[in-house]
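Engineer: Everything below, folded, please.
(4 chains)
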There are 2 protein chains.
Amino acid sequence: MNPTIKDVAKQAGVSYATVSRALNNKSVVKSETRKNILNIARELNYRPNAIARGLVKKRTYSIGLIIPDITNPFFPEVASGVEDRANESGYSVFLCNTNWERNREIRYIYLLFEKRVDGIIIAPVSNSKKVDCFKGVLNKDIPVVYLSNTPQDGEYNSVIIDNVRGAFLATKHLIESGYKEIGFIGAPDESLSIDERLEGYKLAFKEYGMEINNKYIKFGDFKQETGYKIIKRMITEGNYPNAILAENDLLALGVMQGVKDMGLIIPEDVAVVGFDDIRLASFPEIQLTTVYQPKYKIGKIAIEILLEEIEKKDEAKVNINTINKRIVLEPDLIIRKSS
Amino acid sequence: MNPTIKDVAKQAGVSYATVSRALNNKSVVKSETRKNILNIARELNYRPNAIARGLVKKRTYSIGLIIPDITNPFFPEVASGVEDRANESGYSVFLCNTNWERNREIRYIYLLFEKRVDGIIIAPVSNSKKVDCFKGVLNKDIPVVYLSNTPQDGEYNSVIIDNVRGAFLATKHLIESGYKEIGFIGAPDESLSIDERLEGYKLAFKEYGMEINNKYIKFGDFKQETGYKIIKRMITEGNYPNAILAENDLLALGVMQGVKDMGLIIPEDVAVVGFDDIRLASFPEIQLTTVYQPKYKIGKIAIEILLEEIEKKDEAKVNINTINKRIVLEPDLIIRKSS
DNA sequence: TTGTAAGCGTTATCAG
DNA sequence: CTGATAACGCTTACAA
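Structural biologist: Sure thing, here's the model as predicted:
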């Protein structure tokens, strides 16, 4: 068995309370005894049991990161930002991949709660304004930061980019580049971010007094194959727009492939614009125009807010109704050769 | 405060031991009282405290996944395999991104140990045969599965692909395609997998009675920029091979870009072969020849071995000297247009 | 079938 | 400065 504080105490000939004090260099311990204790602890290869500590301190120094798909290049960057900063402050992060499944998301929330994480960062699968099942778990007394799809019915911490503006900029760019028929491809409308991006898209049409053609607005999911299939079918049916705004880069990439596979040329026949600016988008061979999101930064800011929140809660034993932070980052349109 | 087992007990008018039993549907509890307890638990929105449970059961249902770089597309796929399967069995996974820093790796191992994870899956930064600092922590009494760079001095669980063979196949393919001067680019030789891949590379030379030209063997790290810089310098200096085997796809992609940027043509002027088969490699615009690794599967097998090991340890309280599993997967060479 | 009580490895509160 | 001892929330003998 692993040595405990008691083993160290026995060896050192002191009470185990003293060992605890020495190890946490807390309060006053005679520097001699402390030195002795530290030595013995090292000798025994003693490692504190964080579980036991967590039980009494009600603080685990663990947080949960719930994301839909670690395989989508957007999320590893975010995760990396979260993890780096968390690690710096001595926190570990539970990776929770929901695989876009709402049930799994909810199960994770409960699980994380049972494991008594100090906080949760979540990029929800879908919009909680429609199906808010987070209540009763989240916002109970565990700090949460949302990364998108923030629930609408109240105040929450969140860090997002201005989706409306991003989509607006992208659409505007297409319009100004002379494209007349601009389609939109996204995930089903459960998601808030798609609502917002669609809104930005429509806003641009309005600003330029153009009509929206609903047959060019298609929904699927967030995956590359989906973009591929959708555009291919449109082209096959001979009914396709000459520009596409996709809700994310993966979708856009799929569209690009579909267009090429059908023997059409980008951007002459069909222009494509994405969202996210995953690394791939900037490849010389790809050159996808897209709305840039500062992924690492999003993660970093999220964890910073979370840590702040955790500290705050710790100090004021009572859960003050704090003013929640809503960080909205400005998107940038990066124009490349696909448009 | 969150309701505890005691709150439920009080409400139900039973001892809290009974509640515990009912909740874990263990042993015999009158079905009436059980039903009552379950109801009350639900009403109170009771959630068991996994920390407390972990303390007594000495089982946390958490595992650690230590990888060098979640941002390298290879690892999210592996992580996804691990996470899916872990989740299925009720385990959560701590994501530990070492960012290729050896110190961070070691810190993580200690941290995970302190958090009393039930097991660890690790893709070590470097070869423990040279700097084995894992001892004393790992293989103490916590199950570990290695994903590469398995220490050489003993028996360990590991799941890897046959690096020697993979590199051999790749090099052989280049040789048979008529390339005479074949270079190699990899990370510094601390890493075992590079040793192996280099070995396979050399083996192919030997088999065909060809001389190895050391000036075409270059070391850097695992990043794309590095591949880019190295090849660019070689070309600038007018001293470059007409084929390159890169240790991973990211490196290979960098090489491809470098070659193109210098106005040369792939594969006519310089052929490029990578390792991993990240999704990008198969893009129509990229078409990188590469050695395929079943990433998701690697993760899945690793977690399966780990869980098995955990169970085993649990049953036989004593740490039996089990026969460790060394799973070696066969690599496949996927030939595309870059060679 | 249920209750009592010990114990998991810490921290924290009192006395001394 | 240090030692007892009571938590923390749960599981699990051992009794009843």
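
Engineer: Report the backbone C-alpha coordinates of stretch A:286-295 in CSV.
Structural biologist: Coordinates of each C-alpha in stretch A:286-295 appear next as CSV, following Å, rounded to 0.1, in the frame of the first residue of the first chain:
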residue,chain,number,x,y,z
ILE,A,286,-6.9,24.6,-49.9
GLN,A,287,-7.0,28.3,-49.4
LEU,A,288,-10.4,28.5,-47.9
THR,A,289,-11.9,31.9,-47.1
THR,A,290,-13.2,31.7,-43.6
VAL,A,291,-14.3,33.5,-40.5
TYR,A,292,-11.4,33.3,-38.1
GLN,A,293,-12.0,32.3,-34.5
PRO,A,294,-9.2,32.6,-31.9
LYS,A,295,-9.6,29.1,-30.7
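
Engineer: Could you pull up the residues touching the residue of the stretch 201-339 of chain A found nearest chain B?
Structural biologist: Closest contact between the stretch 201-339 of chain A and chain B, by CB to the nearest CB, is at residue A:285 (3.7 Å). Heads up, the C-betas are built off the backbone N, CA and C, glycines and all. By CB atoms under 8 Å, 6 or more residues apart in numbering or on different chains, the residues touching residue A:285 are B:283, B:285-286.

Engineer: Would you list the phi and psi of it?
Structural biologist: Dihedral pair for residue A:285: phi -80, psi -10, per degrees, to the nearest 10.

Engineer: Burial check on residue A:256, number of neighbours?
Structural biologist: 29 (other CB atoms under 10 Å in any protein chain shown).

Engineer: what secondary structure does residue A:298 sit in?
Structural biologist: helix (DSSP: H, G, I helix; E, B strand; the rest coil).

Engineer: what about it, how many neighbours?
Structural biologist: Using other CB under 10 Å: residue A:298 sits among 24 other residues.

Engineer: Would you convert the contacts of residue A:285 into a markdown table that also reports distance to residue B:45?
Structural biologist: Output for the contacts of residue A:285, formatted as a markdown table (distance: CB to CB, whole Å):
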| residue | distance to residue B:45 |
| --- | --- |
| B:283 | 49 |
| B:285 | 53 |
| B:286 | 51 |
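
Engineer: so for stretch A:283-301, what's the average pLDDT?
Structural biologist: Mean pLDDT, stretch A:283-301: 93.

Engineer: Can you mark which positions in it are buried?
Structural biologist: Using 16 or more other CB atoms under 10 Å in any protein chain shown as the test for burial, stretch A:283-301 gives A:283, A:286-296, A:298-301.

Engineer: Okay, now that stretch: how far is its last residue from its first?
Structural biologist: One end of stretch A:283-301 to the other measures 27 Å (CA to CA, to the nearest Å).

Engineer: Would you state the strands of chain A in chain order?
Structural biologist: Using DSSP state E, the strands of chain A run over A:62-67, A:92-97, A:119-122, A:144-146, A:157-161, A:182-186, A:217-219, A:243-246, A:271-276, A:289-292, A:326-329, A:332-334.

Engineer: tell me the most buried of those strands?
Structural biologist: strand A:243-246 (a mean of 31; mean count of other CB atoms under 10 Å in any protein chain shown).

Engineer: Can you name every helix or strand that it contacts?
Structural biologist: Strand A:243-246 sits against helix A:163-176, strand A:182-186, helix A:249-261, strand A:271-276, with contacts defined as 3 or more CB pairs under 8 Å, 6 or more residues apart in numbering or on different chains; DSSP states H and E.

Engineer: need the residues of the stretch 101-250 of chain A near chain B, please.
Structural biologist: A:104, A:110-116, A:136, A:140-141 (CB under 8 Å from any CB of the partner chain).

Engineer: Within range of DNA strand D, give me the residues from the stretch 51-200 of chain A.
Structural biologist: Applying CB under 7 Å from any atom of the strand, we find that the stretch 51-200 of chain A lies next to DNA strand D at A:52, A:55-56, A:58.

Engineer: out of the residues you listed, which is most surrounded?
Structural biologist: Within those, residue A:55 tops the neighbour count with 19 neighbours, counted by other CB under 10 Å.

Engineer: isn't residue A:236 right next to residue A:263, touching?
Structural biologist: No. Contact between residue A:236 and residue A:263 fails when scored by CB atoms under 8 Å: they sit 11.4 Å apart.

Engineer: Tell me which of those two has more neighbours.
Structural biologist: Neighbour totals were compared for residue A:236 and residue A:263, and residue A:236 leads with 11 against 8 (other CB under 10 Å).

Engineer: give me phi/psi at the nearest residue to the more buried one once chain neighbours are set aside?
Structural biologist: Spatially, and ignoring its direct neighbours in sequence, residue A:236 is nearest to residue A:262 (7.4 Å; CB to CB, 6 or more residues apart in numbering or on different chains). Residue A:262 adopts backbone torsions of phi -90, psi 10, taken as degrees, to the nearest 10.

Engineer: Now do the contacts for the nearest residue to residue A:162 once chain neighbours are set aside.
Structural biologist: Spatially, and ignoring its direct neighbours in sequence, residue A:162 is nearest to residue A:328 (5.3 Å; CB to CB, 6+ apart). Residue A:328 is in contact with A:159-162, counting by CB under 8 Å, 6+ apart.

Engineer: Among those, which one lies nearest to DNA strand C?
Structural biologist: For the contacts of residue A:328, the minimum distance to DNA strand C (CB to the nearest atom of the strand) is 31.4 Å, reached by residue A:159.

Engineer: where's residue A:174 relative to residue A:205, distance?
Structural biologist: If you measure residue A:174 against residue A:205 using CB to CB, to the nearest Å, the figure is 10 Å.

Engineer: shared neighbours, the two?
Structural biologist: With CB under 8 Å, 6+ apart as the test, residue A:174 and residue A:205 both reach residue A:182.

Engineer: Looking at those two, which one has more neighbours?
Structural biologist: residue A:174 (27 against 17).

Engineer: Would you agree the more buried one is in contact with residue A:246?
Structural biologist: No. Using CB under 8 Å, residue A:174 is not in contact with residue A:246; the gap is 11.7 Å.

Engineer: anything in contact with each of the two?
Structural biologist: residue A:273.
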